[in-house]
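**Q** Quick one, fold the following:
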Amino acid sequence: MPESFFILSKDHLELAKDEIIALAKTYDRFAKSKSFSNLVIIQSKINWEKIAQRATFVKISGQVLRKMSGLFLGEENFEVLKNAKTFACRIINLSSKQFDIPGLEGSMGDMISSLSQAKVNLKNPNIIIYLIFTNQENFFGFSKPDEISKRPKKVRKHPHELDWKLARVMINLIGLKEGETVCDPFCGTATTLLEAESMGIKGIGLDFDEKMYEISKENLKVNGFKSKIIKGDFSKFATMEDKFDGIVTDLPYGTASKSSQDPQELIKKFVSMLPRRKKIAIMCKKGFEKKLNMNPSKTYDIYRHKSLTRTILIK
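**A** Got it, this is the predicted structure:
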């Protein structure tokens, strides 16, 4: 079965690894994975590009052509260059060994040039050849230059809005597919809905605050997105259970909330209304998760600054 490689940002590494694995299993429940430092290898019938397009923390991704015990390559390894006019070589060293990386890249480029018709182009190659070294295994693979995807626009923001990367990773961790629908009962400036719709996932958002409701509508409109925004209390989501497949939200109640009700009582009410058979990802202030009585399958702590750590709960 084909293998793909993903080099991840080391920020929130556990979260990043689990996101890649969750995405692979979203499309192929038989997908297998292994990791070396910030490298994840996925064995699956799913193309690496499909996973990389959705993933939040991927720096480099591509197709593994073979595992290597040395640097000896033959002409058969360069079939991937058959229709490529230009290429570049990249060495990624995740091992404890020291390499002359520029020298290795140059030698590999000379060797490939002698075995194929493709020419070296470091600035704008048709294809990129990778050698990835780890302490356990080495991998030979290829990729294509990334097409920079457009980020959803936000014409209006709020100081306490959910970080787009965390919204995106929560959607991916619960395995929502294109065409399915996510609900954010505390949608704020519509971050969750924007990220979802940018990945082909529909959205329903609720917010009781008139200002947040208007901001959400503006942010969706400027992107031409069709997610539904409802002005009202979060409890309305309980009447729409058949209209969404999962819940992703950042619990907003606290010192910054405009609600006159006790924040803890509101949260208890919200958790008591959560549907049992839906995919759920919730973010809250660290320590607060102990009061939610959710029994999550996985939790992640996200350090923001010395007085604030957020916790993501997956169920």
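
**Q** so what's Val169 closest to, chain neighbours aside?
**A** Leaving aside its chain neighbours, Val169 sits nearest to Thr56 (4.6 Å; criterion: C-beta to C-beta, 6 or more residues apart in numbering). Glycine gets a C-beta too; all of them are placed from N, C-alpha and C.

**Q** correction: His158
**A** Thr189 (5.1 Å).

**Q** Just the helices from the stretch 101-250 of the chain, written as ranges.
**A** 101-115, 164-173, 191-198, 210-223 (DSSP state H, counting those that start in this stretch).

**Q** Verify the stated contact: Asn135 with Leu39.
**A** No: counting by C-beta atoms under 8 Å, Asn135 sits too far from Leu39 to count as a contact (11.0 Å).

**Q** list residues touching both of these two?
**A** Counting by C-beta atoms under 8 Å, 6 or more residues apart in numbering, the residues touching both Asn135 and Leu39 are Leu94.

**Q** Thr239 and Ile229, how far apart?
**A** From Thr239 across to Ile229, the span is 16 Å (C-beta to C-beta, to the nearest Å).

**Q** Which one's more surrounded, these two?
**A** Comparing Thr239 with Ile229 by other C-beta atoms under 10 Å, the one with more neighbours is Ile229, at 22 against 8.

**Q** Let me know whether the more buried one touches Gly188 as I believe.
**A** No: between Ile229 and Gly188 there is no contact under C-beta under 8 Å: 10.9 Å.

**Q** between these two, what contacts are shared?
**A** With C-beta under 8 Å, 6+ apart, Ile229 and Gly188 have common neighbours Asp207, Ser216.

**Q** Can you name the residues that contact Thr299?
**A** Glu289, Thr311, Ile312, Leu313, Ile314.

**Q** Test my guess that the second one contacts Arg304.
**A** No: using C-beta under 8 Å, Thr311 is not in contact with Arg304; the gap is 11.1 Å.

**Q** okay, the two: which has more neighbours?
**A** Thr311 (19 against 11).

**Q** before we move on, which element is the more buried one in?
**A** Thr311 belongs to strand 308-314 when assigned by DSSP states H and E.

**Q** Looks to me like Phe30 is in a helix.
**A** No: counting by DSSP: H, G, I helix; E, B strand; the rest coil, Phe30 is not part of a helix but coil.

**Q** residue ranges of the strands in the stretch 51-200 of the chain, please?
**A** Counting by DSSP state E, counting those that start in this stretch, the stretch 51-200 of the chain has strands at residues 58-68, 86-93, 119-120, 127-133, 138-143, 181-184.

**Q** hang on, the residue nearest to His158 packs against Glu161?
**A** Yes: counting by C-beta under 8 Å, Glu161 is a contact partner of Thr189 at 4.6 Å.

**Q** sorry, back to before: where among the helices of the stretch 101-250 of the chain is average confidence lowest?
**A** The weakest mean pLDDT among the helices of the stretch 101-250 of the chain belongs to helix 101-115, with a mean of 89.

**Q** Just the buried residues of stretch 296-308, please?
**A** By neighbour count on 16 or more other C-beta atoms under 10 Å, the buried set for stretch 296-308 is Pro296, Tyr300, Ile302.

**Q** In which helix or strand does the last one reside?
**A** It refers to Ile302. Assigned by DSSP H and E, Ile302 belongs to strand 298-305.

**Q** Can you give the strand pairings for that strand, parallel or anti for each?
**A** strand 308-314 (antiparallel) (DSSP bridges).

**Q** Can you check what angle separates the strand it pairs with from helix 164-173?
**A** Per axes from the mean of the first three to the mean of the last three C-alpha atoms, to 10 degrees, the angle that strand 308-314 makes with helix 164-173 is 20 degrees.

**Q** what does strand 308-314 rub up against?
**A** Residues contacting strand 308-314 (C-beta under 8 Å, 6+ apart): 15, 166, 170, 173-174, 280-289, 292, 294, 296-304.

**Q** Just the CA atoms of that strand, as PDB, please.
**A** C-alpha atoms of strand 308-314 as PDB (Å, rounded to 0.1, in the frame of the first residue of the first chain):
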ATOM      1  CA  LEU A 308      -3.700  31.100  30.500                       C
ATOM      2  CA  THR A 309      -3.600  27.500  29.200                       C
ATOM      3  CA  ARG A 310      -6.500  26.200  27.100                       C
ATOM      4  CA  THR A 311      -7.600  22.600  26.900                       C
ATOM      5  CA  ILE A 312      -9.100  20.800  23.900                       C
ATOM      6  CA  LEU A 313     -11.400  17.900  24.700                       C
ATOM      7  CA  ILE A 314     -12.200  15.300  22.000                       C
END
